[in-house]
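K.L.:
generate coordinates for the sequence data below:
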Amino acid sequence: MYKLERIQKLPISISTAWDFFSNPINLSKITPPYMNFNIIDGADGGIYPGKIISYTVTPILNFKLNWVTEITQVEKLKFFIDEQRFGPYKFWHHKHFLKNINGGVEMTDIVHYKLPMGLLGNIAHKVFVKRKLNEIFGYRFSILKNIFGEIK
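P.N.:
A predicted model of the protein is given here:
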């Protein structure tokens, strides 16, 4: 099992942050363009426990993947959790936390994930998956800073 954690402070209200992060349509805005992120189903409306979101991504070499996640828990203005139901990972559990801080909001992403294929999956993680996930979340950090600014 692997863990990725990112914290970002944004100079916006918690309601603005919630409205942005809880809207599935905004996923495409914070995903690198080369991944060709495309929501197939579940973009409409807000999030709620049990909501299914289906999409395609192209993470490497024009290899298109179908990915289905379920929103499993939601506490408005505080957190939500999505879990992969079908997709490239053996396990994917992504927690999104929002917290009021002086001058804005602190957003924390915590992802626990496991790759399929045992030893081969572990090798793939060391060779490129870890780097790719860091790149994707680094892109998100940069885009959110461009959209909302930053707390200094």
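
K.L.:
got a list of contacts for the longest helix seen in the chain?
P.N.:
Secondary structure of the chain per DSSP state H: the longest helix is helix 130-148. The contact list for helix 130-148 (Cβ atoms under 8 Å, 6 or more residues apart in numbering) reads 2, 4, 6, 8, 10-12, 29-32, 35, 59-60, 107, 109, 111, 113. Every residue, glycine included, has its C-beta placed from N, CA and C.

K.L.:
mind checking which of the residues you listed land in strands?
P.N.:
Judged by DSSP state E, strands contain the following of the contacts of helix 130-148: 2, 4, 6, 8, 10, 107, 109, 111, 113.

K.L.:
would you list the residues you listed in TSV and tack on distance to K64, pLDDT and neighbour count?
P.N.:
Shown next, in TSV, are the ones in strands among the contacts of helix 130-148 (distance: Cβ to Cβ, whole Å; pLDDT from 0 to 100; neighbours: other Cβ atoms under 10 Å):
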residue	distance to K64	pLDDT	neighbour count
Y2	24	94	15
L4	23	97	15
R6	26	97	15
Q8	29	97	18
L10	32	98	23
M107	29	97	24
D109	24	98	17
V111	22	98	18
Y113	20	96	19
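
K.L.:
so how far is L144 from K114?
P.N.:
K114 sits 27 Å away from L144, going by Cβ to Cβ, to the nearest Å.

K.L.:
out of the two, which sits in the busier spot?
P.N.:
More crowded of K114 and L144, by other Cβ atoms under 10 Å: L144, with 20 against 14.

K.L.:
so how far is G45 from the more buried one?
P.N.:
Using Cβ to Cβ, we find L144 at a distance of 23 Å from G45.

K.L.:
what segments of the protein are helices?
P.N.:
Applying DSSP H to the chain gives helices spanning 14-21, 118-124, 130-148.

K.L.:
what is the rounded mean pLDDT of the shortest one?
P.N.:
Helix 118-124 shows an average pLDDT of 90 in the prediction.

K.L.:
before we move on, what about the last one?
P.N.:
Averaged over helix 130-148, pLDDT sits at 96.

K.L.:
list the buried residues of that helix.
P.N.:
Within helix 130-148, the residues that count as buried by 16 or more other Cβ atoms under 10 Å are 132-133, 136-137, 139-141, 144, 148.
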